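Q: can't give you the sequence, but here's the structure:
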(Lines give C-alpha, C1' and ligand atoms only; values in the text may rest on other atoms or scores of the structure.)
Protein backbone atom coordinates (compact mmCIF):
# COMPACT_ATOMS: atom_id res chain seq x y z
CA UNK A 1 0.00 0.00 0.00
CA UNK A 2 1.02 3.62 -0.65
CA UNK A 3 0.09 6.24 1.94
CA UNK A 4 -0.41 9.78 0.58
CA UNK A 5 0.14 12.53 3.15
CA UNK A 6 -1.49 15.94 2.57
CA UNK A 7 -0.70 18.70 5.11
CA UNK A 8 -3.36 21.43 5.30
CA UNK A 9 -4.10 24.77 6.90
CA UNK A 10 -7.21 26.79 5.92
CA UNK A 11 -7.33 25.14 2.48
CA UNK A 12 -11.09 24.96 1.95
CA UNK A 13 -10.75 26.68 -1.45
CA UNK A 14 -8.59 23.95 -2.96
CA UNK A 15 -8.69 20.82 -0.83
CA UNK A 16 -11.66 19.25 -2.63
CA UNK A 17 -10.04 19.51 -6.07
CA UNK A 18 -6.79 18.11 -4.70
CA UNK A 19 -8.42 15.13 -3.01
CA UNK A 20 -10.69 14.42 -5.98
CA UNK A 21 -7.61 14.16 -8.18
CA UNK A 22 -6.05 11.76 -5.68
CA UNK A 23 -9.21 9.64 -5.71
CA UNK A 24 -9.04 9.44 -9.53
CA UNK A 25 -5.75 7.58 -9.84
CA UNK A 26 -5.23 4.69 -12.25
CA UNK A 27 -3.99 2.68 -9.29
CA UNK A 28 -6.90 0.82 -7.63
CA UNK A 29 -8.28 2.70 -4.63
CA UNK A 30 -7.64 -0.21 -2.27
CA UNK A 31 -3.90 0.01 -3.02
CA UNK A 32 -3.48 3.44 -1.42
CA UNK A 33 -4.76 5.58 1.42
CA UNK A 34 -5.11 9.35 1.77
CA UNK A 35 -4.17 10.96 5.08
CA UNK A 36 -4.88 14.66 5.68
CA UNK A 37 -2.91 16.21 8.53
CA UNK A 38 -4.37 19.59 9.45
CA UNK A 39 -2.71 22.51 11.21
CA UNK A 40 -5.88 23.29 13.21
CA UNK A 41 -7.66 25.16 10.42
CA UNK A 42 -10.34 27.71 11.28
CA UNK A 43 -12.28 27.15 8.05
CA UNK A 44 -14.03 24.04 6.61
CA UNK A 45 -10.85 22.23 5.52
CA UNK A 46 -11.26 19.18 7.77
CA UNK A 47 -14.98 18.91 7.06
CA UNK A 48 -14.40 18.88 3.30
CA UNK A 49 -11.42 16.54 3.54
CA UNK A 50 -13.40 13.88 5.40
CA UNK A 51 -15.49 13.28 2.27
CA UNK A 52 -12.47 11.90 0.41
CA UNK A 53 -9.63 11.09 2.81
CA UNK A 54 -9.26 7.85 4.73
CA UNK A 55 -8.01 9.70 7.78
CA UNK A 56 -8.11 13.36 8.87
CA UNK A 57 -6.52 14.59 12.09
CA UNK A 58 -4.87 17.66 13.64
CA UNK A 59 -1.09 17.64 13.69
CA UNK A 60 0.83 17.53 16.97
CA UNK A 61 4.31 18.32 15.57
CA UNK A 62 5.37 21.78 14.40
CA UNK A 63 5.50 23.20 10.86
CA UNK A 64 4.64 21.51 7.56
CA UNK A 65 7.47 19.01 7.96
CA UNK A 66 6.02 17.98 11.29
CA UNK A 67 2.61 17.48 9.69
CA UNK A 68 4.14 15.15 7.11
CA UNK A 69 5.98 13.28 9.87
CA UNK A 70 2.76 12.87 11.86
CA UNK A 71 1.08 11.47 8.76
CA UNK A 72 3.93 9.06 8.10
CA UNK A 73 3.71 7.69 11.63
CA UNK A 74 0.01 6.94 11.09
CA UNK A 75 0.56 5.50 7.61
CA UNK A 76 -0.25 1.86 6.86
CA UNK A 77 1.72 1.80 3.62
CA UNK A 78 5.32 0.76 3.04
CA UNK A 79 5.63 3.77 0.72
CA UNK A 80 4.82 7.31 1.88
CA UNK A 81 4.07 9.95 -0.77
CA UNK A 82 3.71 13.65 0.02
CA UNK A 83 1.90 16.42 -1.80
CA UNK A 84 0.27 19.78 -0.98
CA UNK A 85 -3.38 20.74 -0.56
CA UNK A 86 -3.29 23.26 -3.42
CA UNK A 87 -1.89 20.76 -5.94
CA UNK A 88 -3.68 18.76 -8.63
CA UNK A 89 -2.42 15.20 -9.07
CA UNK A 90 -2.41 13.55 -12.54
CA UNK A 91 -4.07 10.10 -12.72
CA UNK A 92 -0.83 8.16 -13.27
CA UNK A 93 1.07 9.72 -10.33
CA UNK A 94 0.74 6.80 -7.93
CA UNK A 95 1.25 4.30 -10.75
CA UNK A 96 4.63 5.84 -11.54
CA UNK A 97 5.56 5.79 -7.86
CA UNK A 98 4.63 2.11 -7.51
CA UNK A 99 6.70 1.08 -10.55
CA UNK A 100 9.77 3.05 -9.48
CA UNK A 101 9.77 1.63 -5.97
CA UNK A 102 9.66 -1.87 -7.42
CA UNK A 103 13.25 -1.22 -8.55
CA UNK A 104 16.13 -2.16 -6.30
CA UNK A 105 17.32 0.07 -3.47
CA UNK A 106 15.15 3.17 -4.18
CA UNK A 107 14.51 5.01 -0.89
CA UNK A 108 13.29 8.37 -2.21
CA UNK A 109 11.61 9.41 -5.44
CA UNK A 110 10.77 12.86 -6.79
CA UNK A 111 9.66 14.49 -10.02
CA UNK A 112 8.62 17.70 -11.77
CA UNK A 113 5.89 20.32 -11.43
CA UNK A 114 3.73 22.27 -13.87
CA UNK A 115 1.58 25.35 -13.14
CA UNK A 116 -2.13 24.97 -12.47
CA UNK A 117 -2.67 28.62 -13.36
CA UNK A 118 -2.15 29.81 -16.93
CA UNK A 119 0.27 32.40 -18.25
CA UNK A 120 3.68 32.40 -19.88
CA UNK A 121 5.37 33.72 -16.74
CA UNK A 122 4.10 30.81 -14.67
CA UNK A 123 5.15 28.25 -17.27
CA UNK A 124 8.61 29.76 -17.64
CA UNK A 125 9.11 29.88 -13.88
CA UNK A 126 8.44 26.17 -13.50
CA UNK A 127 10.42 25.25 -16.61
CA UNK A 128 13.37 26.90 -14.90
CA UNK A 129 12.61 25.09 -11.63
CA UNK A 130 12.43 21.73 -13.41
CA UNK A 131 15.66 22.47 -15.29
CA UNK A 132 17.31 23.35 -11.98
CA UNK A 133 16.08 20.05 -10.57
CA UNK A 134 17.39 18.04 -13.54
CA UNK A 135 20.81 19.69 -13.40
CA UNK A 136 21.12 19.00 -9.70
CA UNK A 137 20.18 15.35 -10.11
CA UNK A 138 22.26 14.45 -13.14
CA UNK A 139 25.35 16.25 -11.86
CA UNK A 140 24.89 14.71 -8.42
CA UNK A 141 25.45 18.09 -6.77
CA UNK A 142 22.01 18.42 -5.10
CA UNK A 143 18.46 17.05 -5.09
CA UNK A 144 15.62 19.55 -5.51
CA UNK A 145 13.03 17.32 -3.86
CA UNK A 146 9.88 19.39 -3.39
CA UNK A 147 7.51 18.21 -0.68
CA UNK A 148 4.56 18.53 -3.06
CA UNK A 149 5.94 15.72 -5.23
CA UNK A 150 8.07 13.27 -3.29
CA UNK A 151 7.77 9.67 -2.10
CA UNK A 152 9.77 7.62 0.39
CA UNK A 153 10.36 4.10 1.50
CA UNK A 154 8.67 4.47 4.89
CA UNK A 155 11.18 2.41 6.85
CA UNK A 156 14.13 4.37 5.41
CA UNK A 157 12.30 7.68 5.92
CA UNK A 158 11.86 6.98 9.63
CA UNK A 159 15.41 5.68 9.97
CA UNK A 160 16.77 8.88 8.37
CA UNK A 161 14.97 10.97 11.00
CA UNK A 162 12.09 12.18 8.77
CA UNK A 163 11.57 15.87 7.95
CA UNK A 164 13.10 18.63 10.03
CA UNK A 165 10.37 20.80 11.60
CA UNK A 166 11.47 24.10 10.06
CA UNK A 167 9.80 26.87 8.04
CA UNK A 168 11.38 26.15 4.65
CA UNK A 169 13.95 23.89 3.03
CA UNK A 170 12.92 20.74 4.92
CA UNK A 171 11.91 19.07 1.67
CA UNK A 172 15.31 19.74 0.06
CA UNK A 173 17.50 18.97 3.06
CA UNK A 174 16.15 15.49 3.69
CA UNK A 175 17.55 14.02 0.45
CA UNK A 176 21.09 14.31 1.81
CA UNK A 177 20.17 11.99 4.66
CA UNK A 178 18.11 9.61 2.52
CA UNK A 179 21.03 9.20 0.09
CA UNK A 180 23.04 7.54 2.85
CA UNK A 181 20.43 4.75 3.00
CA UNK A 182 19.88 4.03 -0.68
CA UNK A 183 19.08 5.54 -4.06
CA UNK A 184 17.39 8.93 -4.42
CA UNK A 185 15.74 8.77 -7.85
CA UNK A 186 14.39 11.52 -10.13
CA UNK A 187 11.63 10.62 -12.61
CA UNK A 188 10.28 13.31 -14.95
CA UNK A 189 7.10 11.24 -15.46
CA UNK A 190 6.20 11.87 -11.83
CA UNK A 191 4.41 15.20 -12.37
CA UNK A 192 2.22 17.33 -10.13
CA UNK A 193 0.10 20.41 -10.89
CA UNK A 194 1.58 23.15 -8.70
CA UNK A 195 -0.27 26.28 -7.57
CA UNK A 196 1.53 29.57 -8.26
CA UNK A 197 -0.65 31.49 -5.78
CA UNK A 198 2.24 32.46 -3.49
CA UNK A 199 4.22 33.95 -6.38
CA UNK A 200 1.19 35.68 -7.88
CA UNK A 201 0.13 37.28 -4.60
CA UNK A 202 3.49 38.09 -3.03
CA UNK A 203 5.72 38.31 -6.10
CA UNK A 204 8.12 35.76 -7.59
CA UNK A 205 11.36 37.53 -6.70
CA UNK A 206 10.25 38.31 -3.16
CA UNK A 207 9.07 34.75 -2.55
CA UNK A 208 12.28 33.23 -3.89
CA UNK A 209 14.39 35.66 -1.87
CA UNK A 210 12.52 34.75 1.32
CA UNK A 211 12.89 31.01 0.62
CA UNK A 212 16.64 31.21 -0.06
CA UNK A 213 17.15 33.47 2.97
CA UNK A 214 15.33 31.06 5.27
CA UNK A 215 17.20 28.01 3.92
CA UNK A 216 20.54 29.82 4.29
CA UNK A 217 19.66 30.60 7.92
CA UNK A 218 18.89 27.04 8.94
CA UNK A 219 15.23 26.96 7.95
CA UNK A 220 13.90 29.40 10.54
CA UNK A 221 11.71 32.27 9.30
CA UNK A 222 11.67 34.71 12.22
CA UNK A 223 12.31 37.59 9.81
CA UNK A 224 9.36 36.69 7.58
CA UNK A 225 5.78 35.51 7.95
CA UNK A 226 6.45 32.60 5.58
CA UNK A 227 4.36 29.74 6.90
CA UNK A 228 0.57 29.59 7.16
CA UNK A 229 0.03 32.66 5.01
CA UNK A 230 -3.42 33.89 4.08
CA UNK A 231 -4.21 33.76 0.37
CA UNK A 232 -6.82 35.70 -1.50
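A: Structure received. Everything numeric here is computed off the predicted structure, so don't read it as measured data.
Q: For the rest of this, base every contact and every neighbour count on C-alpha atoms.
A: Will do.
Q: quick one, what contacts residue 122?
A: Residue 122 is in contact with 115, 196, counting by C-alpha atoms under 8 Å, 6 or more residues apart in numbering.
Q: Now it. Its backbone dihedrals?
A: Note on residue 122: backbone dihedrals following degrees, to the nearest 10 are phi -70, psi -40.
Q: Can you check what pLDDT the model gives it?
A: Looking at residue 122, its pLDDT stands at 74.
Q: Also residue 44?
A: pLDDT, residue 44: 96.
Q: With residue 52 instead?
A: The predicted local distance difference test score for residue 52 is 97.
Q: Do I have it right that it meets residue 19?
A: Yes - the criterion here is C-alpha atoms under 8 Å, and residue 52 meets it with residue 19 at 6.2 Å.
Q: of the two, who's got more company?
A: residue 19 (24 against 19; other C-alpha atoms under 10 Å).
Q: what sits against that one?
A: Contacts of residue 19 (C-alpha under 8 Å, 6+ apart): 49, 52, 53, 85.
Q: Among these, find me the one that's closest to residue 127.
A: Closest to residue 127 out of the contacts of residue 19 is residue 85 (21.6 Å), distances taken as C-alpha to C-alpha.
Q: That closest one and residue 157: what is the separation?
A: 21 Å (C-alpha to C-alpha, to the nearest Å).
Q: again, but for residue 4
A: According to C-alpha to C-alpha, residue 4 and residue 157 sit 14 Å apart.
Q: and the two? which has more neighbours close in?
A: Legend: neighbour count by other C-alpha under 10 Å for residue 4 and residue 157, higher for residue 4 (26 against 23).
Q: ok, what's across the strand from that one?
A: Bridge pairing for residue 4 (DSSP bridges) gives the partners residue 34, residue 81.
Q: what about the closest residue to residue 53 other than its chain neighbours, how many neighbours?
A: In space, and not counting its chain neighbours, residue 53 is closest to residue 34: 4.9 Å by C-alpha to C-alpha, 6 or more residues apart in numbering. Burial measure for residue 34: 24 neighbouring residues, criterion other C-alpha under 10 Å.
Q: From residue 81, how far out is the residue nearest the centre of the chain?
A: In the chain, the residue lying closest to the centroid (C-alpha atoms, centre = their mean) is residue 148, at 2.2 Å. Distance of residue 148 to residue 81, given as C-alpha to C-alpha: 9 Å.
Q: and what of residue 111?
A: 12 Å.
Q: same deal with residue 196?
A: Taken as C-alpha to C-alpha, the span from residue 196 to residue 81 is 21 Å.
Q: how about the helices in this protein?
A: Secondary structure of the chain, counting by DSSP state H: helices at 15-22, 45-49, 63-74, 93-101, 120-139, 154-159, 170-178, 197-202, 204-216.
Q: For residue 38, list the residues it contacts.
A: 7, 8, 9, 46, 56, 57, 58, 59, 67 are the contacts of residue 38 under C-alpha under 8 Å, 6+ apart.
Q: how about a cut-off of 10 Å?
A: The neighbourhood of residue 38, defined by C-alpha atoms under 10 Å, 6 or more residues apart in numbering, consists of 6-11, 45-46, 49, 56-60, 64, 67-68, 71.
Q: remind me which residues of this protein are low pLDDT?
A: Applying pLDDT under 70 to the chain flags residues 166-169, 197-232.
Q: change it to 80
A: 118, 121-122, 125-126, 140-142, 165-172, 196-232 (pLDDT under 80).
Q: For residue 148 and residue 81, list the residues in contact with both.
A: With contacts taken as C-alpha under 10 Å, 6+ apart, residue 148 and residue 81 have 5, 6, 110 as neighbours in common.
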